[in-house]
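Peer 1: Please find the sequence and the predicted model below.
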Amino acid sequence: MRDLGATDSLAPWLGASHTLTMGSLLIVGGRLGDRFGYRRLFLLGLAGFTLCSLLSSLANGPAWLVTARAGQGAAGGLLMMCGWASPPW
């Protein structure tokens, strides 16, 4: 957190941004999986999670890191719901 120049208040934001977006997209991800196919949405979630992980590692400020973690949560919601409902393997 010192490397990013962030205060101690950043830590709760990291967890909350990830958890809130993941939780809110679980039901939406299931519905989108019904409509467009679970495999397609699983792969989209996997690509999104990978991209957001890369953005998290390249973050140069607290806002960018929190935004990337929220993106990870959104993609993780798709991964969790679509991988569980119909495993693509």
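Peer 2: Done, it's in.
Peer 1: make it CA atoms for all contacts and neighbour counts henceforth
Peer 2: OK.
Peer 1: Now residue 42: which helix or strand?
Peer 2: In this structure, residue 42 sits in helix 38-57 according to DSSP states H and E.
Peer 1: which secondary structure elements does the following helix or strand past that helix contact?
Peer 2: The helix or strand immediately downstream of helix 38-57 is helix 62-85, counting by DSSP H and E. Judged by 3 or more Cα pairs under 8 Å, 6 or more residues apart in numbering; DSSP states H and E, helix 62-85 is in contact with helix 10-36, helix 38-57.
Peer 1: Save those helices as a markdown table, and put in distance to residue 73 and mean pLDDT too.
Peer 2: Converted to a markdown table, the helices and strands packed on helix 62-85 look like this (distance: least, Cα to Cα, whole Å; pLDDT from 0 to 100):
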| stretch | distance to residue 73 | mean pLDDT |
| --- | --- | --- |
| helix 10-36 | 4 | 85 |
| helix 38-57 | 8 | 93 |
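Peer 1: Pick the most deeply packed of the ones you listed.
Peer 2: Of the helices and strands packed on helix 62-85, the one with the most neighbours on average (mean count of other Cα atoms under 10 Å) is helix 38-57, at a mean of 18.
Peer 1: what's in contact with that helix?
Peer 2: 29, 32-33, 64-65, 68-69, 71-73, 75-79, 82-83, 85-88 (Cα atoms under 8 Å, 6 or more residues apart in numbering).
Peer 1: C-alpha coordinates for that helix, CSV please?
Peer 2: This file holds the C-alpha atoms of helix 38-57, laid out as CSV (Å, rounded to 0.1, in the frame of the first residue of the first chain):
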residue,chain,number,x,y,z
TYR,A,38,-22.6,-21.5,-20.1
ARG,A,39,-19.4,-22.4,-21.9
ARG,A,40,-19.2,-19.0,-23.7
LEU,A,41,-19.8,-17.0,-20.6
PHE,A,42,-17.3,-19.1,-18.6
LEU,A,43,-14.6,-18.4,-21.2
LEU,A,44,-15.6,-14.7,-21.2
GLY,A,45,-15.4,-14.6,-17.4
LEU,A,46,-12.0,-16.4,-17.5
ALA,A,47,-10.6,-13.9,-20.0
GLY,A,48,-12.0,-11.0,-18.0
PHE,A,49,-10.6,-12.2,-14.8
THR,A,50,-7.2,-12.7,-16.4
LEU,A,51,-7.3,-9.2,-17.9
CYS,A,52,-8.3,-7.6,-14.6
SER,A,53,-5.6,-9.6,-12.8
LEU,A,54,-3.1,-8.1,-15.2
LEU,A,55,-4.5,-4.6,-14.6
SER,A,56,-4.3,-5.2,-10.8
SER,A,57,-0.6,-6.0,-11.1
